[in-house]
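Colleague: I'll drop the sequence and a predicted model, then ask my questions.
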Amino acid sequence: MIQRHTLGKVPAKPHTAFYDEDHQLLMEVCVTRQGFSGPFSILYYRRPPTDEAVAEPYTLPDFSPITSMDGQDLRRRHVVSSRLPPGGDFLTGRKTLLFNSDVHMGICKPVDPPGRFFSNGDGDELYFINAGSGFVESVYGILPFRRHDYVLIPKSTPYRIHLDGDKGTLLIFEGRPWLGIPGEYRNRSGQLTDYAPFSHRDFRLPAELLSFDPDRHGPPPYPLVVKRGDALTVHRYDYWPHDVVGWDGAIYPVAFNILDFQPKTGLVHLPPTIHTTFAGDGFVVCSFVPRMVDFHEQAVPCPYGHASADMDEILYYVDGNFTSRRGIQPESISLHPAGILHGPHPGMFEKSIGTKRTNELAVMCDTYKPLHMTTAAADLEDNDYHASWLK
């Protein structure tokens, strides 16, 4: 998804017979997007991953299925995700809070070691690691991550996440059907342009193949949870199904630290569009990082009030001082829906004049289709938020 990459052993030409060191014929598996016209990767398995023992339905309430809250009236909202109690692992602890048909957004606060591998057949997944560090193990290999990394995992990738100490706080976007680098950041050859807010060098790729470890992976059967059509199915294998000897292509997980985002500053305040980091169908994900602010002598660095007539906006607050808001803490999620004006709290607009630098760290998502809150989000809502501009 960033550039072509090769890991392990691959034959000189695709779709030809390829054998391992024991002269066993390897199973070639092509992972393709947009039929056969989009990006693809080719993996070589010791044993066909189609040899499943059994498949059975599975549910994880508040993730699959989710329940939409009743009567979502039009007002500014504040979901205090810090109130979400930790629990489960990277999969069983996931809670979807906001959603539409293009993107689902949720939180996970694991406390358990990872169990089953997971494959999301509904879309690409983007994790933001608000707290914790560790590594992703997938059929594409081992990908370490650290705090404040984005981790982008392609659709239908079998993977699981290990957190150091089995603890962390994860913000998760599920792009339906895709989520990736905005097209305007690439030239006609697919290379990231020199005026993009990041470079190829900023993205970290898997550098080590996944190897079977009896202590870490345990005895059979080996379950893989697959999500498709917002339903979960457990596929069980009597053998280790992720034994890949090599692969190449343009589909694989990557990590990118939010602090490597290269912010832009103007003479006067620029719209949040300049902070776009990732995009999908009908939505964008933006990064607000510490930066110098506007340099006109009468500039007002605080975001101006606006009524976005076409887009809902959510902002996940990570760290620092937020120039436009009071009463917002790390892990707060604000939802400002289209149709009503929003802007800085009273006094914040004038207070920002003369500011030379902002130290805020936040992740934003703008969507064209209205965002719906789940019942899990409703349980975390600060119902006084809409009226907080009067205080």
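Modeller: Thanks, I have it. Numbers count the residues shown, from 1 in each chain.
Colleague: hmm, which helix or strand of the chain has the shakiest average pLDDT?
Modeller: The weakest-scoring helix or strand in the chain, judged by mean pLDDT, DSSP states H and E, is helix 348-351 (a mean of 66).
Colleague: just checking, next helix/strand downstream of it?
Modeller: Following helix 348-351 in sequence order, the next helix or strand is strand 357-358 (DSSP states H and E).
Colleague: So which other helices or strands are in contact with that following strand?
Modeller: Packed against strand 357-358 by the contact rule (3 or more C-beta pairs under 8 Å, 6 or more residues apart in numbering; DSSP states H and E) you find strand 291-292. In short, each C-beta sits where N, CA and C put it, glycine included.
Colleague: Please name the bridge partners of Leu126.
Modeller: Under the criterion DSSP bridges, Leu126 forms beta bridges with Leu152, Phe173.
Colleague: quick one: it and Val151 touch, right?
Modeller: Yes. Using C-beta atoms under 8 Å, Leu126 is in contact with Val151, at 7.4 Å.
Colleague: Neighbours of Gly339, how many?
Modeller: Residues lying near Gly339 (other C-beta atoms under 10 Å) number 13.
Colleague: Offset the numbering so it begins at 48, please.
Modeller: Right, with 48 as the first residue, what we last looked at is Gly386.
Colleague: Which residue, neighbours along the chain excluded, lies closest to it?
Modeller: Counting by C-beta to C-beta, 6 or more residues apart in numbering, Gly386 lies nearest to Leu121, which is 5.6 Å off, once chain neighbours are set aside.
Colleague: roughly how far apart are the one you found and Leu382?
Modeller: Taking C-beta to C-beta, to the nearest Å as the measure, Leu121 and Leu382 are separated by 11 Å.
Colleague: Look at the two and report which has more neighbours.
Modeller: Applying other C-beta under 10 Å to Leu121 and Leu382 shows that Leu382 carries more neighbours, namely 24 against 11.
Colleague: doesn't the more buried one fall inside a strand?
Modeller: Yes. Membership of Leu382 in a strand is supported by DSSP: H, G, I helix; E, B strand; the rest coil.
Colleague: could you pull out the helices for the stretch 298-438 of the chain?
Modeller: Using DSSP state H, counting those that start in this stretch, the helices assigned to the stretch 298-438 of the chain run over residues 395-398, 422-425.
Colleague: Put the alpha carbons of the last one into CSV.
Modeller: Below are the C-alpha coordinates for helix 422-425, written out as CSV (Å, rounded to 0.1, in the frame of the first residue of the first chain):
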residue,chain,number,x,y,z
THR,A,422,-25.4,2.2,22.6
ALA,A,423,-21.8,1.7,23.8
ALA,A,424,-21.1,5.3,23.0
ALA,A,425,-24.4,6.5,24.6
